[in-house]
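Visitor: Predicted model and sequence below, questions to follow.
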Amino acid sequence: MIGAPRTLDYDFGSVGMEFHPGLDRIYGCSTAGNLLEVDATTGHVTVGPMLYAPCNNLAAPFGSVACVPG
């Protein structure tokens with residue numbers, strides 16, 4: 001059963017999120033260009049490093065990403 005929706009504690013704009021099954025984590029990208037990690041249990045958003053450009057799209061990569069551990 002899927003849990004109740006969580007309220008995020010950070011507004012990262014209109015860009016979506018993506019679940020990384022290998023790491024069992026949810027990542028997002030802000031319109032400012034930050035990589036974000038979202039805690040699915042609490043809704044807490046950890047603001048990570050700036051990416052090379054602001055995001056207007058988010059999709060799961062097919063391979064390693066330098067700024068994502070694992």
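Guide: Yep, it's here.

Visitor: quick check, distance from stretch 21-41 to the centre of its chain.
Guide: Remark: stretch 21-41 is offset 2 Å from the chain centroid, using Cα atoms, centre = their mean, to the nearest Å.

Visitor: Which positions within it qualify as buried?
Guide: 25, 27-30, 34-38 (16 or more other Cβ atoms under 10 Å). To be clear about C-beta, it is placed using only N, CA and C from the backbone, and glycine gets the same treatment.

Visitor: Report the strands that pair with the lowest-mean-pLDDT helix or strand in the chain, each with its relative direction.
Guide: None of the helices or strands of the chain scores lower by mean pLDDT, DSSP states H and E than strand 17-20, at a mean of 80. Strand 17-20 pairs in its sheet with strand 25-29 (antiparallel), by DSSP bridges.

Visitor: for the partner strand, what is the average pLDDT?
Guide: In this model, strand 25-29 carries a mean pLDDT of 85.

Visitor: which strands and helices sit next to the helix or strand where residue 36 lies?
Guide: Here residue 36 sits within strand 34-38, counting by DSSP states H and E. The helices and strands touching strand 34-38, judged by 3 or more Cβ pairs under 8 Å, 6 or more residues apart in numbering; DSSP states H and E, are strand 25-29, strand 45-50.
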